[in-house]
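Enquirer: predicted model follows, preceded by the sequence.
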Protein chains: 2
Amino acid sequence: MELRAKTVELLSEPAEELPVAVGKKTPTIALEKEIGIRPVTLRTGRSRAIFKLQQGIVRGVRRFLEESSFTELFTPKIVASGAEGGANIFSLDYFGRKAYLAQSPQFYKQMLVPVYERVFEIGPVFRAEKHDTARHLNEYISIDAEMGFIDSFYDIIELETAMLKAVFALLEGECSGYLRELGAALPPIGEVPCMRFREIKEKVAEKYSRKIRDPFDLEPEEERLISRYAKEEFGSDFIFVTHYPAKKRPFYAMDDPEDPKYTLSFDLLFRGLEITTGGQRIHDYAMQVEKMRAKGLDPADFETYLMLHKYGCPPHGGFGMGLERLLLMLLDEKNIRTTSMFPRDTLRLEP
Amino acid sequence: MELRAKTVELLSEPAEELPVAVGKKTPTIALEKEIGIRPVTLRTGRSRAIFKLQQGIVRGVRRFLEESSFTELFTPKIVASGAEGGANIFSLDYFGRKAYLAQSPQFYKQMLVPVYERVFEIGPVFRAEKHDTARHLNEYISIDAEMGFIDSFYDIIELETAMLKAVFALLEGECSGYLRELGAALPPIGEVPCMRFREIKEKVAEKYSRKIRDPFDLEPEEERLISRYAKEEFGSDFIFVTHYPAKKRPFYAMDDPEDPKYTLSFDLLFRGLEITTGGQRIHDYAMQVEKMRAKGLDPADFETYLMLHKYGCPPHGGFGMGLERLLLMLLDEKNIRTTSMFPRDTLRLEP
């Protein structure tokens, strides 16, 4: 269209010219620099599309969970103790007392299971992890869900699979233009394969002639190989790795009664990256107290959390999914800073 | 219905009896105690209903804003500087540097206006205010929206009024059972009256024979009288108080060109309580730098924020609304701790 303006009213004027061109889809500057001037570079078509997809994912998740009778929560981010244990927690002075930034809404979402049976929260979580990698952020958005009256953690796996299907269907329907703009292809998702931690570790070591170094955890390279295995053997971009070692799981994870060295828990790997941790939680008071003690924790430090178990709660489980990681792998990008508007890493507090 | 069970399977068992009855709708214990055992007291029908209404409000807000072409944001909560100024900010150690907890997403939502034109975020904000009142929380959920290409801040007032109407319509349709359970009545909302700060202060002083003590701010008692005035004179539960003194507004507020002692900003009072602050922001770089200096701030401390103005942005404005406050007044409750699942005040970090 050609426009012939009769009058032009100047509403606003920049003080300087843009330091980079925002019309082009692909930024031609290094990622570090690009992030440093995000108030400008977010104006590119590429960034606009990335975070429109973020909104699409979140809308799809909410729509699916609300239709599945989940109640949305807003739980506190300033907390008295960490849910995930370890040293990876930010602390702050709270009116003369020591407080922490929530590593996850774990305790709270569990507490709400006896209230609403099914709950979810989409909000920020904080991890004071010192390592600086292409897949870690010190603040990220976690999609958390928790569900009561489960028969086993496979109910959670089914829930998450159905959720992902719903999200991809929404993206297909409402965000296909943005996907095209970014050259991203939605993964096919049907029945997602499930394999036990110990078993897949061995399969991958065998198939790709790799030595198992850490029998209790997955190294990044192993995660990539497991996904490669899933693609080659099952044609799937996703794979659930189940029955993680108890040693590497938090105190609220339920042990496998058939072999308590392992837990009734899982990770979901998507194209080589872990995007979810989930599982069944302990609902019995005595069992939870005992496991805390076995992990060297004092149950007295978790008095309010333990009210959940003490006063009765149904068998339950849930998952936490990293929004930036899901989007990262969906776009086949290399660095998680690409899928966070204003990423926080060990060196970066601005913009 | 009468059920005759052939078998009963015990899924889970409490370790102790509940310390309070959860079947009754009204708790018979003091609020402080009730909050202390929220993992139990949230199980009451009353609490269930309160936070179902919270979810309803949030769903209504999102639905309205998304239908009005607003893009949802997730902005960082760990930040390098405060947006609202003052000492009311929590600080923390961030890998050896001093960081803060975001008092509002103000800077970020403004930065996104040139990207998406209309943006919103619903998420936690943190205020280290020392006063312990029935209407303050140190962490609360803020509903933030920001919109470009406005003609004046009255566009924001119209937007917020339309949003509230949409929210109440949704509550009426989807949550009427919860409203009935809590004996809450939705307020009638039509055209909401707007009055200038200076004018309403005088009117109220005159009508209710009250002396003006602080000419630059509203005291809680004054807010109640202004709402009483709005009810008596206009039959409205809401009133916008416009043109707040520049002295009491942050550096990003646009001054009224006709009288720069006042700003193009507003508060929304609902049944005696301020639930929103909003207004037009400065979009011109030189004007923003100058106002920062006039407020004793160093523009160099706001380098990334000022990229917004430096590289051009449309005239814009927005508002922030406290979710807990809106719900508090909707339910005609007395204490804001009632409408936060796990309230944070100067003394309370748990549960």
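Expert: Right, received. Where do you want to start? Here the structure is a predicted model, which is why all the values come from computation and not from measurement. Numbers count the residues shown, from 1 in each chain, chains lettered A, B, ... in the order given.
Enquirer: how many neighbours does the closest residue to chain B within the stretch 101-250 of chain A have?
Expert: Nearest residue of the stretch 101-250 of chain A to chain B, counting by CB to the nearest CB: residue A:111, 4.5 Å away. The way it works is simple: take the backbone N, C-alpha and C, and place the C-beta from them, glycine included. Residues near residue A:111, counting by other CB atoms under 10 Å in any protein chain shown, number 27.
Enquirer: isn't it right up against residue A:305?
Expert: Yes: counting by CB atoms under 8 Å, residue A:111 does reach residue A:305; the two are 7.1 Å apart.
Enquirer: what about the lengthiest helix in chain A, distance to the chain center?
Expert: For chain A, the longest helix by residue count, based on DSSP state H, is helix A:45-67. Distance of helix A:45-67 from the chain centroid (CA atoms, centre = their mean, to the nearest Å) equals 14 Å.
Enquirer: give me the number of residues near residue A:210?
Expert: Look at residue A:210: counted by other CB under 10 Å, it has 14 neighbours.
Enquirer: check the one 10 residues further on too.
Expert: Neighbour count for residue A:220, taken as other CB under 10 Å: 13.
Enquirer: now what about the helix or strand of chain A with the lowest mean pLDDT, what contacts it?
Expert: Every helix and strand of chain A was ranked by mean pLDDT, DSSP states H and E. The lowest is helix A:31-36, at a mean of 93. Helix A:31-36 is contacted from outside by A:20, A:27, A:41, A:335, A:337-338, A:343, A:348, A:350-351, B:304, using CB atoms under 8 Å, 6 or more residues apart in numbering or on different chains.
Enquirer: same question, stretch A:210-224
Expert: A:135, A:197, A:201-202, A:204-205, A:225-226, A:241, A:245, A:247-248, A:267, A:269, A:272-274.
Enquirer: any idea how far residue A:12 is from chain B?
Expert: 5 Å (CB to the nearest CB, to the nearest Å).
Enquirer: check the secondary structure at that residue for me.
Expert: The three-state label given to residue A:12 by DSSP: H, G, I helix; E, B strand; the rest coil is coil.
Enquirer: and if you look at the one 3 residues further on?
Expert: Reducing the assignment to helix, strand or coil with three-state DSSP, the entry for residue A:15 is coil.
Enquirer: would you list the phi and psi of it?
Expert: Backbone geometry at residue A:15, expressed as degrees, to the nearest 10, gives phi -90, psi -30.
Enquirer: distance of it from residue A:213?
Expert: Separation of residue A:15 from residue A:213 (CB to CB, to the nearest Å): 55 Å.
Enquirer: more neighbours: which of the two?
Expert: For residue A:15 versus residue A:213, the count of surrounding residues by other CB under 10 Å is larger for residue A:15: 14 against 10.
Enquirer: show me what contacts the closest residue to that one other than its chain neighbours?
Expert: What sits nearest to residue A:15 in space, not counting adjacent residues and going by CB to CB, 6 or more residues apart in numbering or on different chains, is residue B:285, at 3.7 Å. Neighbouring residues of residue B:285 by CB under 8 Å, 6+ apart: A:14-15, B:306, B:309-310.
Enquirer: list buried members of those by neighbour count.
Expert: B:306, B:309-310 (16 or more other CB atoms under 10 Å in any protein chain shown).
Enquirer: who's the closest spatial neighbour of the residue in the stretch 1-150 of chain A that chain B sits nearest to, skipping the chain neighbours?
Expert: Residue nearest to chain B within the stretch 1-150 of chain A (CB to the nearest CB): residue A:14, separated by 3.2 Å. Closest residue to residue A:14 apart from its sequence neighbours, by CB to CB, 6+ apart: residue B:312 at 3.2 Å.
Enquirer: rewinding a little: what touches both of residue A:111 and residue A:305?
Expert: Going by CB under 8 Å, 6+ apart, residues that sit against residue A:111 and also against residue A:305 are B:39, B:351.
Enquirer: what about the closest residue to residue A:261 other than its chain neighbours, how many residues nearby?
Expert: Nearest residue to residue A:261, sequence neighbours excluded (CB to CB, 6+ apart): residue A:246, at 5.8 Å. Counted with other CB under 10 Å, the neighbours of residue A:246 add up to 22.
Enquirer: residue A:246 reaches residue A:257, doesn't it?
Expert: No: using CB under 8 Å, residue A:246 is not in contact with residue A:257; the gap is 11.9 Å.
Enquirer: about what we covered before: only the buried subset of the contacts of stretch A:210-224, as a PyMOL command please.
Expert: Those of the contacts of stretch A:210-224 that count as buried under 16+ other CB under 10 Å are selected in PyMOL with:
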select buried, chain A and resi 135+197+201+204+225+226+241+245+267+269+272+273+274
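Enquirer: next step: the contacts of stretch A:210-224 restricted to strands.
Expert: When the contacts of stretch A:210-224 are checked against strands (DSSP state E), the matches are A:241, A:267, A:269, A:273-274.
Enquirer: what bridges to residue A:119?
Expert: residue A:71, residue A:146 (DSSP bridges).
Enquirer: residues in contact with it?
Expert: With CB under 8 Å, 6+ apart, residue A:119 has these contacts: A:70-73, A:109, A:112-113, A:145-146.
Enquirer: quick revisit: what subset of the buried ones among the contacts of residue B:285 is also close to chain A?
Expert: Contacts with chain A within these, counted by CB under 8 Å from any CB of the partner chain: B:309-310.
Enquirer: number of residues surrounding residue A:266?
Expert: Per other CB under 10 Å, the neighbour tally for residue A:266 reads 28.
Enquirer: where in chain A is pLDDT low?
Expert: Counting by pLDDT under 70, chain A has low-confidence residues at A:24-27, A:85.
Enquirer: how about the residues of the stretch 151-300 of chain A by chain B?
Expert: Residues of the stretch 151-300 of chain A lying close to chain B by CB under 8 Å from any CB are A:283-286.
Enquirer: weed out the non-buried ones from the residues you listed.
Expert: Buried residues within those, counting neighbours by 16+ other CB under 10 Å: A:283-285.
Enquirer: got a markdown table for these, with secondary structure too?
Expert: Below are these laid out as a markdown table (three-state DSSP):
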| residue | secondary structure |
| --- | --- |
| A:283 | coil |
| A:284 | coil |
| A:285 | helix |
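Enquirer: dump those to a markdown table, plus distance to residue B:218.
Expert: Formatted as a markdown table, those follow (distance: CB to CB, whole Å):
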| residue | distance to residue B:218 |
| --- | --- |
| A:283 | 49 |
| A:284 | 53 |
| A:285 | 50 |
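Enquirer: closest one of the residues you listed to chain B?
Expert: Chain B lies nearest to residue A:285 out of these, by CB to the nearest CB, at 3.8 Å.
Enquirer: so who does the residue lying farthest from the centre of chain A touch?
Expert: The C-alpha centroid of chain A is most remote from residue A:6, which lies 52.4 Å away (CA atoms, centre = their mean). Not one residue lies near residue A:6 by CB under 8 Å, 6+ apart.
Enquirer: that one belongs to a strand?
Expert: No: going by three-state DSSP, the assignment for residue A:6 is coil, not a strand.
Enquirer: measure it to residue A:67 for me?
Expert: Distance from residue A:6 to residue A:67, counting by CB to CB: 50 Å.
Enquirer: same deal with residue A:22?
Expert: Between residue A:22 and residue A:67 the distance is 38 Å, computed by CB to CB.
Enquirer: who has more neighbours, those two?
Expert: residue A:22 (20 against 9).
Enquirer: for that one, which non-adjacent residue is closest in space?
Expert: For residue A:22, the spatially nearest residue (CB to CB, 6+ apart) is residue A:43, at 4.3 Å.
Enquirer: to what extent is the one you found buried, counted in neighbours?
Expert: By the criterion of other CB under 10 Å, residue A:43 has 21 neighbours.
Enquirer: how about residue A:96?
Expert: By other CB under 10 Å, neighbour count at residue A:96 equals 6.
Enquirer: same check on residue A:98?
Expert: Neighbours of residue A:98 under the rule other CB under 10 Å: 11.
Enquirer: repeat that for residue A:158.
Expert: 13.
Enquirer: kindly report the same for residue A:221.
Expert: For residue A:221, using other CB under 10 Å, the count is 13.
Enquirer: alright, calling it a day.
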